[in-house]
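**Q** how would this look folded up:
(one chain, ligands or ions: 2)
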Amino acid sequence: MADTTGSAAEEAVGAKGVGMAGRDTPLIRQCWYVAAFADEVTRTPMRRTILERDIVLYRKEDGVAVALQNRCAHRSYPLHSGKLSGDRIVCGYHGFEYGPDGRCAHVPALGFAPPAIRVQAYPLVEDGPFVWIWMGDPDRPDETALVRQAWCAAPGWTHVKGYMHMQANYLGLHENLMDLSHFPFLHGAALGRADHAAAKPKVRVEGDVVHTSVMHRDVAVSPAFQAATGMTAPVDRESVQSVPSPAIHLGASITTDASDPPQRHVRHIVHVPTPESQTSTHYFWAIARHTAIDDPAIDAESKALGEKAFAEDKVALEAIEDVIARDRRSDFREKIIATDHGAIQVLRAFARMAAREHDDASRAP
Ligand code: FES
Ligand SMILES: [Fe+2]
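**A** Numbers count the residues shown, from 1 in each chain. Ligands and ions are numbered 1, 2, ... in the order given. The predicted structure follows:
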């Protein structure tokens with residue numbers, strides 16, 4: 001009798017290749033990225049590298065946030081090492097002053113400001129805890145492309161948040177977040193059972209936006225979750241993911257219990273990977289809920305859960321980056337299985353975006 005097991009298994013396996021974003025794909029610039037949490041940006045200038053650009057962030061006297069190229073036009077001194085004077089930032093080397101629009105407003109040695117001296121100013125938008133920066137053409141920021149979070153402004157919601165620097169390419173984080181099958185192995189039983197790892201998410205692609213969903217039934221809930229929601233096991237939990245841009249990965253956990261009528265609880269889990277470079281990423285995250293919103297113990301539990309799980313992802317992604325740095329063979333292609341389908345659609349969408357940017361740049365006069 002012919003053994004077909006091998007061929008069936010082989011049919012289920014593919015490999016990464018043409019048409020998928022990889023670490024050689026240029027970073028996508030026509031996009032809003034989170035530059036910082038709102039409470040990080042103050043009257044003390046702060047430095048952050050975003051898409052390989054050195055940027056200084058500060059607030060004007062009226063509280064409006066400003067982002068400028070962190071490189072003085074005179075002799076490249078970092079502007080974040082200077083100081084603020086009103087709404088201007090004063091270079092710490094020879095005292096050139098720059099306004100929030102990036103124009104030089106004063107050169108002490110000349111007594112005036114030559115119009116040709118300026119640094120790039122980056123458009124910013126604040127939305128809830130996030131300060132978004134437009135890294136594309138500074139004269140054409142597309143606010144319609146900003147992915148606002150409804151819960152940020154909605155009454156009855158609260159959130160916890162966190163930040164990690166990852167020495168790893170941002171695409172790996174998107175792949176990780178699209179892949180719930182790693183939960184029981186990387187994160188242990190607290191986040192998922194082994195049989196959940198085999199569940200294939202439903203994947204839907206609308207233009208360049210990728211959505212996935214997977215339902216897990218009869219899930220145990222932690223005492224802290226019970227305290228926050230009043231729900232007791234067994235519950236059904238639907239995990240939905242949506243990736244509308246390289247800058248954000250929207251997750252939600254929708255829990256329904258067995259009471260009559262069933263209770264329903266939604267927790268938003270928002271991951272914000274901002275590429276620092278091709279090998280490093282700023283990882284901002286927020287977890288938002290609409291129950292027990294004034295309970296600091298639930299805040300602490302939610303934050304601890306996020307910090308633990310996302311730190312485990314960081315360790316894995318940095319280990320992968322290290323392997324890739326050590327083993328640079330050009331013919332290595334990662335294999336794909338059925339549970340990777342959502343992640344692959346994300347890589348395809350990012351490849352299309354990068355190709356469009358390249359085409360637009362080639363057509364520019
Ligand atoms: S380097 Fe900034 S004023 Fe000279
Ligand atoms: Fe994870």
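**Q** Okay, now the sheet partners of the biggest strand by length in the chain, with direction.
**A** Ranked by number of residues, the top strand in the chain under DSSP state E is strand 264-277. Note on strand 264-277: by DSSP bridges, its sheet partners are strand 248-257 (antiparallel), strand 280-289 (antiparallel).
**Q** so which of those is the most packed in?
**A** The highest mean neighbour count among the strands paired with strand 264-277, using mean count of other CB atoms under 10 Å, belongs to strand 280-289: a mean of 23. All C-beta atoms are positioned from the backbone trio N, CA, C, and that covers glycine.
**Q** Quick one: mean pLDDT over it.
**A** Averaging pLDDT along strand 280-289 gives 96.
**Q** all helices in the protein, in order from the N-terminus.
**A** For the chain, the helices defined by DSSP state H cover 5-11, 150-153, 170-178, 223-229, 296-326, 341-363.
**Q** Just put the strands paired with strand 264-277 in a markdown table and tack on distance to ligand 1.
**A** Listed next are these as a markdown table, based on distance: least, CB to the nearest ligand atom, whole Å:
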| stretch | distance to ligand 1 |
| --- | --- |
| strand 248-257 | 35 |
| strand 280-289 | 26 |
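**Q** Kindly confirm whether my reading is correct that His182 touches Gly172.
**A** No. In this structure, His182 is not within contact of Gly172 by CB atoms under 8 Å, at 11.7 Å.
**Q** And the strands paired with strand 264-277: which comes nearest Val235?
**A** With CB to CB, the closest approach to Val235 among the strands paired with strand 264-277 belongs to strand 248-257: 4.9 Å.
**Q** looking at the helices of the chain, which is buried most?
**A** helix 170-178 (a mean of 24).
**Q** Now do the same contact list for Phe310.
**A** 162, 164, 283, 285 (CB atoms under 8 Å, 6 or more residues apart in numbering).
**Q** Repeat that for Met135.
**A** So Met135 contacts 29-33, 50-51, 53, 122 (CB under 8 Å, 6+ apart).
**Q** Retrieve the pLDDT associated with Ala309.
**A** Ala309 carries a pLDDT value of 91.
**Q** That one contacts His187, correct?
**A** Yes. Taking CB under 8 Å as the definition, Ala309 is a contact partner of His187 at 5.3 Å.
**Q** Please measure how far the first residue of stretch 247-266 sits from its last one.
**A** 22 Å (CA to CA, to the nearest Å).
**Q** What of stretch 163-176?
**A** End residues of stretch 163-176 are separated by 17 Å (CA to CA).
**Q** Let me have the contacts of Phe310 in JSON lines, extended by distance to Val209.
**A** Converted to JSON lines, these look like this (distance: CB to CB, whole Å):
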{"residue": "Gly162", "distance to Val209": "25"}
{"residue": "Met164", "distance to Val209": "26"}
{"residue": "Tyr283", "distance to Val209": "21"}
{"residue": "Trp285", "distance to Val209": "20"}
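**Q** Return the helix or strand in this protein with minimum mean pLDDT.
**A** For the chain, using mean pLDDT, DSSP states H and E, the weakest element among its helices and strands is helix 5-11, scoring a mean of 45.
**Q** Can you pick out the ones from the contacts of Met135 that are in strands?
**A** Those of the contacts of Met135 lying in strands (DSSP E): 32-33, 50, 53.
**Q** Name the nearest of the residues you listed relative to ligand 1.
**A** Arg53 (17.7 Å; CB to the nearest ligand atom).
**Q** Show me the domain layout of the protein.
**A** Annotated domains of the chain cover 32-140, 145-361 [automatic domain parsing].
**Q** weakest of those in terms of mean pLDDT?
**A** domain 145-361 (a mean of 90).
**Q** now it: how far from the chain's centre is it?
**A** 10 Å (CA atoms, centre = their mean, to the nearest Å).
**Q** gap between the two ends of that domain?
**A** Domain 145-361 end-to-end distance (CA to CA) = 19 Å.
**Q** for the nearest residue to Asn176 once chain neighbours are set aside, what are its contacts?
**A** Nearest residue to Asn176 in three dimensions, chain neighbours excluded: Asp313, at 5.3 Å (CB to CB, 6 or more residues apart in numbering). Asp313 makes contact with 173, 176, 186 under the criterion CB under 8 Å, 6+ apart.
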